[in-house]
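Asker: fold the following.
(2 chains)
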Amino acid sequence: MPSLGADMEAGTLVEWLKRPGDCVKRGDVVAVVETQKGAIEVDIFEDGVIERWLVEPGTTVPVGTPLALITGGSPAAAATRPPPSLAPEPVTPSPLKSPPHIVSRPEGGRARASPAARRLAAERGIALATLIGSGPGGAVLYADVERAITAVAPRPPAPKRLDFAEMRRAIAAAMARSKREIPHYYLSTTVDLTRTLAWLEAANANRPPAGRVLLAALLLKAVGRALVDAPEFNGFFTAEGFQPGPGIHIGTAIAIRGGGLVAPAIHDVDKLSLDELMAQLRDLVARARSGALRSSELSDPTITVTNLGERGVETVFGVIYPPQVALVGFGTSVERPWAVGGQITARRVLTATLAADHRASDGHRGGLFLADIDRHLQSPEKL
Amino acid sequence: MKRDEITAALIEELGKIAPESDADRLDPDADLREELDIDSMDFLNLVTALSDRLCIEIPEIDYPSLATLAHATDYLAQRCGE
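Answerer: Modelled structure (predicted):
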């Protein structure tokens, strides 16, 4: 069970999307779990073959509990791998449960079926006797019932289960921990967006709406590029001290209609083209709002960017999401009198702020980092 | 496409973006972004949906014309040649 936030203790397995024997590769979605952040798709970190499930749908298990046994990948074959500081106590490989018991009752004319298959069939009103089992002795397995269900009707989308009260509790726990443990310092700078916006306007002029790029994508890319030279803002603070992130995975704060927010990661932002980044941002916002995020997106952001300018505010005073060590905030762009070359002129400017963890960096480096974000935004054509 | 059909299409697309709001009862002169809490990504999705649905081009430079329900209806009707 992946940890999808510093505060998450347990999750409920909703369904498996693969079957034992299936080959899986890194990034495949294998299961859906229900958490405080809604129904989340669990994607896998290893290549291999699914040997067996260790947890049945409907079961609530603590974070860190192995969900499946994968063979053929690297030795640690739990379904997911949380980032370092979120890692639960090392899970010692416990003796594996015996494979699902196949109920074998030839007498009385009752169909052979596994308990899980029987339960699922009962829930969906499918007569077991009508199914051809693929298990030992022709027993009907869970997967057989699933196949019968999907044959009858298209699979319904993953249930939307955003519970706003739960989400508020999750935010409260993470932010209380942040304020309790993280010695924040704050820096602010004003970025002249004239060049950036002119370039963006020209770039979008001949594109259909589906191909247009938002300022938000440029801001993310500028942060991603600046982080390449400022690794002390990208990573986690754990019991062992600061640990640099394995990549530049920017958690992007997305407001959920009706209240609450999530900050799923866009991976390797520094390596994406603007168009790729925009496509991923678009996809991420849509999935965040429909409650279909993936576990890797929630478990491994190495820094967070919040773009509260969307809501009209000029300055964001960020609260770092533990165990991360920095948060970059962007306000709205506003037209202001601005001195350029000794002349006062009207310019569109934006306030960029940094909230950073003093255990991992200091204000001098923070200032250079913010200045570097500004520098990248002045050359949008290179982003 | 008639003007009332354009209004209906606009309200329907707004409803998809802000499902919890009552787009039917929107003040025609209220700012859509503020009234429906629409951010730039929502707005881009709205423009994408409308340009596909009405088979028209909506360049970025015209976004200010879509600020309110009344203005947006005028603009789209003109684009559709009504």
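Asker: which residue is nearest the middle of chain A?
Answerer: residue A:297 (1.8 Å; CA atoms, centre = their mean).
Asker: chain neighbours aside, what residue packs nearest to that one?
Answerer: residue A:264 (3.7 Å; CB to CB, 6 or more residues apart in numbering or on different chains). (Each C-beta comes from the backbone N, C-alpha and C, glycine too.)
Asker: what sits against the one you found?
Answerer: Taking CB atoms under 8 Å, 6 or more residues apart in numbering or on different chains, we find residue A:264 in contact with A:251-252, A:254, A:284, A:287-288, A:293-294, A:297-298, A:301.
Asker: including pLDDT, could those go into CSV?
Answerer: Below are those laid out as CSV (pLDDT from 0 to 100):
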residue, pLDDT
A:251, 96
A:252, 94
A:254, 91
A:284, 93
A:287, 89
A:288, 88
A:293, 87
A:294, 87
A:297, 87
A:298, 86
A:301, 95
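Asker: is it fair to say residue A:345 lies in a helix?
Answerer: No: the assignment for residue A:345 by DSSP: H, G, I helix; E, B strand; the rest coil gives strand, which leaves it out of any helix.
Asker: in the sheet, who's paired with it?
Answerer: Beta-bridge pairing for residue A:345 (DSSP bridges): residue A:338.
Asker: just the strands in chain B please.
Answerer: Taking DSSP state E, chain B contains no strands at all.
Asker: for residue B:41, which non-adjacent residue is closest in space?
Answerer: Residue B:41's closest residue in space is residue A:285 (CB to CB, 6+ apart), at 4.9 Å.
Asker: now the one you found: how far from residue A:264?
Answerer: As for residue A:285, its distance to residue A:264 is 9 Å (criterion: CB to CB, to the nearest Å).
Asker: now do the shared contacts for these two.
Answerer: Looking at what touches both residue A:285 and residue A:264 (by CB under 8 Å, 6+ apart), the common residues are residue A:254.
Asker: re the thing from before, what does the residue nearest to residue B:41 show for phi and psi?
Answerer: Main-chain torsions, residue A:285, degrees, to the nearest 10: phi -60, psi -40.
Asker: give me the neighbour count for it.
Answerer: Number of residues near residue A:285 (other CB atoms under 10 Å in any protein chain shown) recorded here: 20.
Asker: quick check, the residue nearest to the centre of chain A in contact with residue A:254.
Answerer: No: the pair residue A:297 / residue A:254 is not scored as a contact, 10.6 Å apart, by CB atoms under 8 Å.
Asker: common neighbours of the two, please.
Answerer: Joint contacts of residue A:297 and residue A:254 (CB under 8 Å, 6+ apart) are A:264, A:284.
Asker: show me what contacts the closest residue in space to residue A:280 that isn't next to it in sequence?
Answerer: Spatial nearest neighbour of residue A:280, excluding adjacent residues (CB to CB, 6+ apart): residue A:266 at 5.1 Å. Shown in contact with residue A:266 (CB under 8 Å, 6+ apart): A:220, A:249-250, A:252, A:272, A:277, A:280-281, A:284, A:297.
Asker: bridged to residue A:266, which residues?
Answerer: Applying DSSP bridges, one finds that residue A:266 bridges with residue A:250.
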